[in-house]
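Asks: Need a 3D model of the sequence below.
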Amino acid sequence: QFQLVESGGGLVQPGGSLRLSCAGSGSTLYYYAIGWFRQAPGKEREGVSCVSAISGTTDYADSVKDRFIISRDNAKNTVFLQMSSLKPEDTGVYFCAADLTGKDPCLILPDDFGFWGQGTQVTVSS
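Replies: Residues are numbered from 1 along each chain as shown. Sure thing, here's the model as predicted:
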């Protein structure tokens, strides 16, 4: 059974860093576009970043460019989101998701991703 499990969230001060992990089981993530999304209380889910299947092309929301880096570790069947220079507005539940169609290049659109993890909470606060 295919599953995505996020981890690595927590409480961090503004300017700090966190690395989120999205571990896959039951299938090989290499063949899927993987996206990271977040949802703050009272707000709609928004795209953060994605990495395309096969080519590894990446895309980022303007709000996180130059601060976040998405990467794959194929040996671990895991996709990471390295987050730096965190701001209070980065607070939210972070989800990873898979586009099983293998779209390349990926687009950070929630409707393109049909398989979701359960999410991990990130709180940026002093």
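
Asks: Only C-alpha atoms from now on, for both contacts and neighbour counts.
Replies: Fine.

Asks: What lies in contact with stretch 99-119?
Replies: For stretch 99-119, contacts defined as C-alpha atoms under 8 Å, 6 or more residues apart in numbering pick out 3-7, 31-37, 45-55, 57-61, 93-98.

Asks: Only whichever of the residues you listed are buried, select them in PyMOL.
Replies: This is the PyMOL syntax for the buried subset of those, where burial follows 16 or more other C-alpha atoms under 10 Å:
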select buried, resi 3+4+5+6+7+31+32+33+34+35+36+37+45+46+47+48+49+50+51+52+53+58+59+60+93+94+95+96+97+98
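
Asks: among the contacts of stretch 99-119, which are in helices?
Replies: Among the contacts of stretch 99-119, DSSP state H puts none in helices.

Asks: Please report how far the most centrally placed residue in the chain lies from residue 64.
Replies: With distances taken as C-alpha atoms, centre = their mean, the residue of the chain nearest its centroid is residue 36 (2.2 Å). Applying C-alpha to C-alpha, to the nearest Å, the value for residue 36 to residue 64 is 12 Å.
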